[in-house]
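> would you be able to build a 3D model of this:
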Amino acid sequence: MAAKINLRTGKIIGAKRGSFSWHHEKAHLIYDNLDQGINDGVNQNNAIYLTFLFLVLGQFWFIFKCLSVLSVTAVFYYFIKEELWCNAYALKQLKK
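Prediction:
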């Protein structure tokens with residue numbers, strides 16, 4: 001079972017306390033409360049909404065197909081950025 005966290009309650013399942021996975025999931029709570037995390041979350045949500053809008057408009061105009069590729073790229077960028085931040089945090093905690 002993969003580790004999962006409920007961001008509302010902070011409950012982690014599928015990870016042994018003190019393990020890399022456990023620290024990684026805890027890092028999601030910390031990241032979501034940072035200014036950077038809040039901004040990235042809002043930007044990622046906006047990129048998701050724009051992706052759907054551009055996909056619909058892309059049926060009529062080619063430029064919107066191109067913009068949908070850019071917005072999908074932004075969604076993945078924010079996702080990967082958070083995951084890398086959480087991995088770095090977990091490694092730092094394990095070294096302590």
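
> how far out from the middle of the chain is the top helix by length along the chain?
If each helix of the chain is counted by residues according to DSSP state H, the longest one is helix 62-95. Its chain's C-alpha centre and that of helix 62-95 lie 6 Å apart, by Cα atoms, centre = their mean, to the nearest Å.

> which strands and helices sit next to it?
helix 20-33, helix 35-57 (3 or more Cβ pairs under 8 Å, 6 or more residues apart in numbering; DSSP states H and E). From N, CA and C alone the C-beta is placed, and that goes for glycine too.

> ok and the first one relative to helix 62-95, angle-wise?
Between helix 20-33 and helix 62-95, the angle comes out at 120 degrees (axes from the mean of the first three to the mean of the last three Cα atoms, to 10 degrees).

> which neighbouring elements make contact with helix 20-33?
strand 4-5, strand 12-13, helix 35-57, helix 62-95.

> now that helix, how far from the centre of its chain.
With Cα atoms, centre = their mean, you get 11 Å for helix 20-33.

> so which bits of it are buried?
21-29, 31 (16 or more other Cβ atoms under 10 Å).
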